[in-house]
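Asks: got a structure for you, letters missing:
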């Protein structure tokens, strides 16, 4: 309540104040700020000329030299060439082995399709005798 009363009293004082006091405000960009800008502009200009200028020249020279160089040719050294040859030999060996496996599979498929199951050793199943428990425990 006290706060609301204080706000009301302040509002009344502002409304009863003479208009000359309310109309005077200080500009954001006054004579004090203009004097500071007069000193800053030469400093910025000097920094641009003596600091940013050489950086810009150096970067432009670097880009110019880099664009005028002939492109580098990637050379293959002896070790890389030798490793590539070994890799090619390994791939060739794998290809031969895969061909042998497929040839064996074709042979077995042909034997099975001819119907001569006896050639592969197929026949009636024979029972297998399991060892007795006494024989297994004596081995341990």
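Replies: Sure, I can see it. Being a predicted model, the structure only gives us computed values, none of them experimental. Residues are numbered from 1 along each chain as shown.

Asks: and the residue positioned nearest the centre of the chain, which of the three is it?
Replies: What sits nearest the mean C-alpha location of the chain, by C-alpha atoms, centre = their mean, is residue 74, with 25.5 Å. Classification of residue 74 using DSSP: H, G, I helix; E, B strand; the rest coil returns coil.

Asks: domain parsing for this protein?
Replies: 31-66, 80-112 (automatic domain parsing).

Asks: could you dump the ones you listed to CSV with mean neighbour count?
Replies: No exception for glycine: its C-beta is placed from N, CA and C like everyone else's. Shown next, in CSV, are the domains of the chain (neighbours: other C-beta atoms under 10 Å):
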stretch, mean neighbour count
domain 31-66, 10
domain 80-112, 10
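
Asks: hey, least reliable of those domains by pLDDT?
Replies: Of all the domains of the chain, mean pLDDT reaches its minimum on domain 31-66 (a mean of 83).

Asks: where's the lengthiest helix in the chain relative to the chain centroid, distance-wise?
Replies: Secondary structure of the chain per DSSP state H: the longest helix is helix 78-114. Put simply, helix 78-114 sits 38 Å off its chain's centre (C-alpha atoms, centre = their mean, to the nearest Å).

Asks: which strands or helices does it pack on?
Replies: If contacts are counted by 3 or more C-beta pairs under 8 Å, 6 or more residues apart in numbering; DSSP states H and E, helix 78-114 sits against no helix or strand.

Asks: mind checking which helix or strand residue 5 is in?
Replies: Residue 5 is part of helix 2-16 when elements are defined by DSSP states H and E.

Asks: now that helix: mean pLDDT?
Replies: Mean pLDDT, helix 2-16: 88.
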